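In: Turn this into a structure:
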Amino acid sequence: MSVKDLINKCLTSGLDIVAFIIVGAVFVGFKNYAAPHHSGFFCSDSSIRFPYHNSTVPTEVNNIISYGVPLVCLIVLHWFLFARLKKGWRGVLFDLKLLVFFGLITQTTTQILKIAVGRLRPHFLDVCAVNLDLDDTVCGSINNPTYVSNYSCIGNPELFPESKEYLKNRIKEARLSFPSGHSSLAFYGMTLTIFILHRSKLTSLPVQLVQASCLLYAMFTAVSRVTDNKHHPGDVIAGSILGAIFALAAAYQMPRRNAGDICEKSTNTEMELITNNTLMETDVSASSISNLKMQIS
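Out: I've put the predicted structure just below:
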C-alpha cells in the first residue's frame, strides 16, 4: 500500500468517526436535554384519556432485536458465503458500519421530530395529573370548548413511585408521541434484514421464513404501541414509514453480493473438476489399451 493510499484510508476512517460522533451527539442532546413543544389540549379529547400500561415490547428488547437481527444476518452471510469472494472482512465491516450509522440516523430523526411536534400520548392525562380542576371554568362548554394551554404537570406518583427524577422523565415522555420510536427502529432493522436477504439471491424457504418473521415482528411491535396506549395510530404509521425509508437508504449503499451466483459458481467448478477427472481417466484407459495391443502384436 502506497503512502497516498494510506493517507486516504486514514482520512476516510477519520471522517467516518466524526460523522458517528456528530450524529450520536445530536441524538444524546435531543434525548436528554431538549424540552418538547408544550402542546395544549381540549378536555373533551378522549384520545389522551387512556390509562397507562407498561410496554409489551420494552425499549431495550426492541433495540437488541432491531440491531441484532440484521447484524447476525450480515455476519452469517459473510462467514458462510461471501467469504468466497476473497475480500476478507472488509465487506462485512463496511456493511456493519452502514447498519449502525443509519440506525443512529433513524433514532436521531425520530427524536428530533418528537421534540419538535410534542404530541401528547394517549395516556397523557393519566401520567401528567394536571394542576387544574378540569371543570367547565377551565374546559369551557360542549358547544364552546376551551383549548387548555396554561397548565403544568404534577405527575402521578402512584404510577411512578421510584423517584421524582424518574417521574419527571415520564412526564416528558408523555409529550413525545409522534412519531413512534419503537416502530421506526423495528421497521428499520427488519426491513434492512429483508433486503439484505433479498439481495443475496437466496431463495430457499428457510430464508423466506426469516424474512416473513422479520415483517411479523415489526408489525407486532408497531401494533403493540397502540394497544399499550403509548401511541396514536398515526404515530405508528409515520414511525414505520420513517424506519423503512432509512432501511432502504442503507440497503441501497450496501454492495450487491449475489450468494446464489457464488453457490452456482462453486457447483459449476465442482462439475468441471469431475468432468476433467473423467476425461483424464478415459485418456489413461485408452492409452493402456493401446499399449496392451502393441505388446500383443
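
In: how much space is there between Gly118 and Ala249?
Out: Computed as CB to CB, to the nearest Å, the Gly118 to Ala249 distance reads 27 Å. Heads up, the C-betas are built off the backbone N, CA and C, glycines and all.

In: from memory Ser39 sits against Ile115, does it?
Out: No: the pair Ser39 / Ile115 is not scored as a contact, 11.7 Å apart, by CB atoms under 8 Å.

In: Show me which of those two is the more surrounded one.
Out: Neighbour totals were compared for Ser39 and Ile115, and Ile115 leads with 19 against 14 (other CB atoms under 10 Å).

In: Pretty sure Pro36 is one of the things the more buried one touches, is it not?
Out: Yes: under the criterion of CB under 8 Å, Ile115 is in contact with Pro36, at a separation of 5.1 Å.

In: With Ser152 as the reference, measure out to Pro51.
Out: The value you get for Pro51 to Ser152, if CB to CB is used, is 21 Å.

In: same check, this time on Val92
Out: 51 Å.

In: between the two, which one's more packed in?
Out: Applying other CB under 10 Å to Val92 and Ser152 shows that Val92 carries more neighbours, namely 19 against 11.

In: Could you find the closest non-adjacent residue to the more buried one?
Out: His78 (4.0 Å; CB to CB, 6 or more residues apart in numbering).

In: I'd assumed Ala129 was in contact with Ile154.
Out: Yes: taking contacts as CB under 8 Å, Ile154 lies within contact range of Ala129: 4.7 Å.

In: so where is the stretch 51-200 of the chain shaky, pLDDT-wise?
Out: With pLDDT under 70 as the threshold, the stretch 51-200 of the chain has low-confidence stretches at 81-90.

In: can you pull out the helices in it?
Out: Listed in chain order, the helices found in the stretch 51-200 of the chain under DSSP state H, counting those that start in this stretch are 59-80, 90-117, 124-128, 136-139, 164-173, 181-199.

In: Redo these as JSON lines? Include distance to Gly234.
Out: Formatted as JSON lines, the helices of the stretch 51-200 of the chain follow (distance: least, CB to CB, whole Å):
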{"stretch": "helix 59-80", "distance to Gly234": "20"}
{"stretch": "helix 90-117", "distance to Gly234": "11"}
{"stretch": "helix 124-128", "distance to Gly234": "15"}
{"stretch": "helix 136-139", "distance to Gly234": "24"}
{"stretch": "helix 164-173", "distance to Gly234": "18"}
{"stretch": "helix 181-199", "distance to Gly234": "11"}
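
In: among those, which is the most enclosed?
Out: When you average the neighbours per residue for each of those (mean count of other CB atoms under 10 Å), helix 181-199 leads with a mean of 26.

In: Look up how far Val26 lies from Ala19.
Out: The separation that Ala19 has from Val26, given CB to CB, amounts to 11 Å.

In: Looking only at neighbour counts, state which of the two leads.
Out: For Ala19 versus Val26, neighbours defined as other CB under 10 Å are more numerous around Val26 (17 against 14).

In: I'd like to know how far the nearest residue to the more buried one once chain neighbours are set aside sits from Tyr188.
Out: Nearest in space to Val26, with sequence neighbours left out and distances taken as CB to CB, 6+ apart, is Thr108 at 5.4 Å. Applying CB to CB, the value for Thr108 to Tyr188 is 12 Å.
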